[in-house]
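Colleague: Dropping a prediction and its sequence here:
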Amino acid sequence: MQELTHRSDVTVVGGGLAGVAAAISAARNGARVALVNNRPVLGGNSSSEVRVWVVGGTAHGAQKFARETGIMGELFLENQWRNPQGNPILWDHVVLDLVRAEPNITLFLNTEVRDVEADGPAEDRSIHSVTGWQSGSEKLITFESPIFVDCTGDGLVGFLAGARFMSGREDRAAHGEPWAPEVADDDMLGSTILFYTKDAGEPVRFVPPGVTKDIVAAGIPIHRHIDTAMNGCDYWWIEWGGELDAVHDNERIRDELWGVVFGIWDHIKNSGEFDADTLTLEWVGTMPGKREYRRFVGDHVLTQQDVLDQTRFDDNIGFGGWSIDLHPPGGVYSDAAGSMHLHGPGLYEIPFRSLYSVNVSNLLMAGRDISASHVAFGTTRVMATCAVTGEAAGAGAALAARYAVSPRTLLAERRDEVQQTLLRQDAAIAGVPWHDARDLALAADVSASSQLRRLAAPRSDAGAEERVSLADRDFGVLLPVDPRLDAVSIDIEAERATTAVVELWSTRNGMNHVPVDVIDRREVAVRAGRSELRAEFAYVPDAPCSVVVVIRRDPHLAVRIADELPPFGVLGLLSREPGLTTGQAQTNAWSAVELRRRTPRFAVEPDTDAYRPSQVAGGLARPFDGPNLWSSGQVSGEEWVQLAWPEEHEIGSVELVFNDDVDEDLVNLHHHRTPFLVMPELVRDYRVETASAGEWHPLVRVEGNHLRRRVHRLEEPVRANALRVVVEATNGATTTMVVALRAFPPGV
């Protein structure tokens, strides 16, 4: 046996997506990082060992413009490029490769942390080291660093360090949460084991192993849907252990879940109720995928009200968008529905104060164990959101180590630096503007080859169209407004003359993309047949925003929908009954699924300034009260966007953010599929040029880009009074779009 000591700036314990994002984020911000994981693969519940699909802000498409950017976004795009079939083994290596690409990370797999050295009084403790056993190599490794990040999910490091934590369900009085129980208890969400099947092409019999449960006697088929076409996460409801201790009873929970899995397969193969002769088991998980255990107490406990009321935090470091998703503690043996979902009107913010311990001064946390009530945890627990908190915790850890301060002190003294650091790496933050004065673009005059001005999808004889009836649903179209909206025309058909009710709604805030507050209402006479419905509003908002124009349901009306992409930021919506009525707007009350990547025939008056070139310099870098990007007009050759200064500057690096359509839902192991290896909106081929004394010089040329963020660090700085990005081709879009163009002096 060897006894070793590893010293670093930041120690991250836990190699799920929260830990992976934390380690990469800290490393990219200059910290030497030890990433310690107790499994042979990274990815946690998303890995090939458990195979849970990665979901987050998009909420399986219920949220609009909500896919994560930053490190989680990189993983989504890279997986789509390398692994479009969603092979879980290849996903493991997409994650592993991103970690190993960072020279500042030292990775320790198969290393089980079991000891934590910490001291200080209960209200002001500090961690000195954690020690782990790497069984395969028989090494006992002590990890020392000034900052630690607990991404273990179960919260082992914080627990051993004496960090204050919560577990089970708080009572309603604790945080005033309507969804909390009247009386607190120890119940939690359970654990799950999944399985894969395949068609062997010949009859295959199944002899159930001894652990198999009689699921018919247990009543499971009555309360849960079973189907031969289901696989993997389709069986998310194979859940149990919520009334036990997910850690101490882990072995018992695993055996029970195995019994249920084999019981379901026995029912499919041997009950005679299914056509399954040639089906066989391909894979069954060997470890439970845990949902819930400890949640640490931070300076802020995120609550149900924060999620649904969309509390704005001055220390906002990321967003979530999954519904509050709670499950019955009895799992498969409960006669209640497998899950209950509570949706808000859009995304919600997560504060940095929920990512560090209230009483352990050098402990950050990310993932399942952040500071949230049990109810709020119902949404923060999903893995893409865990990665968002990981990226923020990692950046905070690197900065805290750099300045030799605690995370709490870092927030008090350098909150803006924390947020700007995250924005520079394109992290998933909504509503926080980029304003880092080191970015030379902020002082530049911005121009472009062209600009999309007409917000329209005019009638055309080319392309397929569909008639969508409004007999039993309302129709809406999300539109950016900058600077005003005078009138909207929509192509409709009427079976007979009628009066259409057309309304203008606000989204209330930039995190929403559905109608929330009504602004105005018009009644428009419509003749029989196909015509153009025109509604005049003369709406002038105080600042650029998005609105929804709604045509109320009418048994005689239909809208014309074309198989064409609308301008980015425009989205067709169809109403549906929300999953649960809460007395407030819910994003799932409006579906975009049927109309995504399709457009109504429409036109807006007057021309828009929502796609102006200046938006590549500063401001917001994702849809929020508008698209927040530069878009060219219809591409007819090369398009460019340019920065110009009255005097020369020395440039050491250029950073680009392209549009990858964050409204497109991507899932690592595929629940929703997209036909695109690369998002069509992404710029494919481009070059970066600088000008000095009126002459342009090539700096960088890229072909075949499939990433949203590109960083070009120059071997030798250049002096220039102008810089431009020339786009030679997109990956399929008919306009060129750039979200951000940034230029920095050497060493920044």
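Modeller: Sure, I can see it.
Colleague: Kindly report the domain assignment for this protein.
Modeller: 2-170+295-424, 191-284, 440-451+611-744, 456-605 (automatic domain parsing).
Colleague: looking at these, which is buried most?
Modeller: Greatest average neighbour count among the domains of the chain goes to domain 2-170+295-424 (a mean of 23), per mean count of other C-beta atoms under 10 Å. C-beta here means a position set from N, CA and C on the backbone, and glycine is covered the same way.
Colleague: distance between that one and the chain's centre?
Modeller: Averaging C-alpha positions (C-alpha atoms, centre = their mean, to the nearest Å) puts domain 2-170+295-424 14 Å from its chain's average.
Colleague: Could I get the average pLDDT for that domain?
Modeller: Per-residue pLDDT values over domain 2-170+295-424 give a mean of 98.
Colleague: Turn the domains of the chain into JSON lines, including distance to residue 182.
Modeller: JSON lines is the format used below for the domains of the chain (distance: least, C-beta to C-beta, whole Å):
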{"stretch": "domain 2-170+295-424", "distance to residue 182": "10"}
{"stretch": "domain 191-284", "distance to residue 182": "18"}
{"stretch": "domain 440-451+611-744", "distance to residue 182": "35"}
{"stretch": "domain 456-605", "distance to residue 182": "19"}
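Colleague: would you list every one of the strands in the stretch 351-500 of the chain?
Modeller: 363-365, 445-448, 456-457, 465-469, 475-481, 485-494, 498-506 (DSSP state E, counting those that start in this stretch).
Colleague: could I get the ones you listed as TSV with distance to residue 349?
Modeller: As requested, the strands of the stretch 351-500 of the chain are exported to TSV (distance: least, C-beta to C-beta, whole Å):
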stretch	distance to residue 349
strand 363-365	18
strand 445-448	29
strand 456-457	33
strand 465-469	35
strand 475-481	21
strand 485-494	28
strand 498-506	19
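Colleague: circling back to that earlier point, wait, which of the domains of the chain is closest to residue 185?
Modeller: Across the domains of the chain, residue 185 has its closest neighbour in domain 2-170+295-424 (5.4 Å, C-beta to C-beta).
Colleague: mind checking the end-to-end distance for that closest one?
Modeller: One end of domain 2-170+295-424 sits 41 Å from the other (C-alpha to C-alpha, to the nearest Å).
Colleague: can you tell me the average pLDDT over the longest strand seen in the chain?
Modeller: Ordering each strand of the chain by length in residues (DSSP state E) puts strand 709-730 first. The average of the pLDDT scores along strand 709-730 is 97.
Colleague: Number the residues from 724 up from this point.
Modeller: That works, and once the first residue is 724, the last one we named lands at strand 1432-1453.
Colleague: Direction included, what does it pair against?
Modeller: Strand pairing for strand 1432-1453, using DSSP bridges, gives strand 1362-1381 (antiparallel), strand 1406-1415 (antiparallel).
Colleague: And the helices in the stretch 1124-1273 of the chain?
Modeller: Along the stretch 1124-1273 of the chain, counting by DSSP state H, counting those that start in this stretch, helices occupy 1130-1147.
Colleague: want to try a markdown table for the strands paired with strand 1432-1453, with distance to residue 794 and mean pLDDT as columns?
Modeller: Formatted as a markdown table, those follow (distance: least, C-beta to C-beta, whole Å; pLDDT from 0 to 100):
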| stretch | distance to residue 794 | mean pLDDT |
| --- | --- | --- |
| strand 1362-1381 | 14 | 98 |
| strand 1406-1415 | 21 | 97 |
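Colleague: Stretch 1157-1165: how far from the chain's middle?
Modeller: On C-alpha atoms, centre = their mean, the centre of stretch 1157-1165 falls 26 Å from that of its chain.
Colleague: From one end of that stretch to the other, what's the distance?
Modeller: 9 Å.
Colleague: Can you show me the helices along the stretch 974-1123 of the chain?
Modeller: 1027-1031, 1097-1103, 1106-1126.
Colleague: could I have the longest one exported to CSV, CA atoms only?
Modeller: In this case it means helix 1106-1126. Output of helix 1106-1126 as CSV, limited to C-alpha atoms (Å, rounded to 0.1, in the frame of the first residue of the first chain):
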residue,chain,number,x,y,z
MET,A,1106,-28.5,16.8,-14.1
ALA,A,1107,-28.1,19.6,-16.5
THR,A,1108,-29.1,22.0,-13.7
CYS,A,1109,-26.6,20.2,-11.5
ALA,A,1110,-24.0,21.0,-14.1
VAL,A,1111,-25.0,24.7,-14.1
THR,A,1112,-24.4,24.9,-10.3
GLY,A,1113,-21.1,22.9,-10.8
GLU,A,1114,-19.8,25.4,-13.3
ALA,A,1115,-20.6,28.3,-11.0
ALA,A,1116,-19.1,26.6,-7.9
GLY,A,1117,-16.0,25.8,-9.9
ALA,A,1118,-15.5,29.3,-11.0
GLY,A,1119,-16.2,30.6,-7.4
ALA,A,1120,-13.7,28.0,-6.0
ALA,A,1121,-10.9,29.1,-8.4
LEU,A,1122,-11.5,32.8,-7.6
ALA,A,1123,-11.7,32.1,-3.8
ALA,A,1124,-8.4,30.2,-4.0
ARG,A,1125,-6.8,32.9,-6.1
TYR,A,1126,-7.7,35.7,-3.7
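Colleague: picking that back up, next structured bit after the longest strand of the chain?
Modeller: strand 1458-1467 (DSSP states H and E).
Colleague: Could you tell me the angle between that next one and strand 1406-1415?
Modeller: With axes from the mean of the first three to the mean of the last three C-alpha atoms, to 10 degrees defining the directions, strand 1458-1467 sits at 50 degrees from strand 1406-1415.
Colleague: Average pLDDT for strand 1458-1467, rounded please.
Modeller: On average, strand 1458-1467 scores 98.
Colleague: quick check: angle from that strand to helix 1130-1147?
Modeller: Using the same axes, to 10 degrees: strand 1458-1467 against helix 1130-1147 is 130 degrees.
Colleague: Please name the strands paired to strand 1458-1467 in the sheet, noting orientation.
Modeller: With DSSP bridges as the test, strand 1458-1467 pairs up with strand 1353-1357 (antiparallel), strand 1362-1381 (antiparallel).
Colleague: Among the ones you listed, which comes closest to residue 1147?
Modeller: strand 1362-1381 (7.4 Å).
Colleague: gap between residue 1177 and residue 1004?
Modeller: The gap separating residue 1177 from residue 1004 is 56 Å, by C-beta to C-beta, to the nearest Å.
Colleague: With residue 1326 instead?
Modeller: Applying C-beta to C-beta to residue 1326 and residue 1004 gives a distance of 56 Å.
Colleague: before we move on, what about residue 1029?
Modeller: Distance from residue 1029 to residue 1004, by C-beta to C-beta: 43 Å.
Colleague: what do you get for residue 868?
Modeller: Following C-beta to C-beta, the distance that separates residue 868 from residue 1004 is 44 Å.
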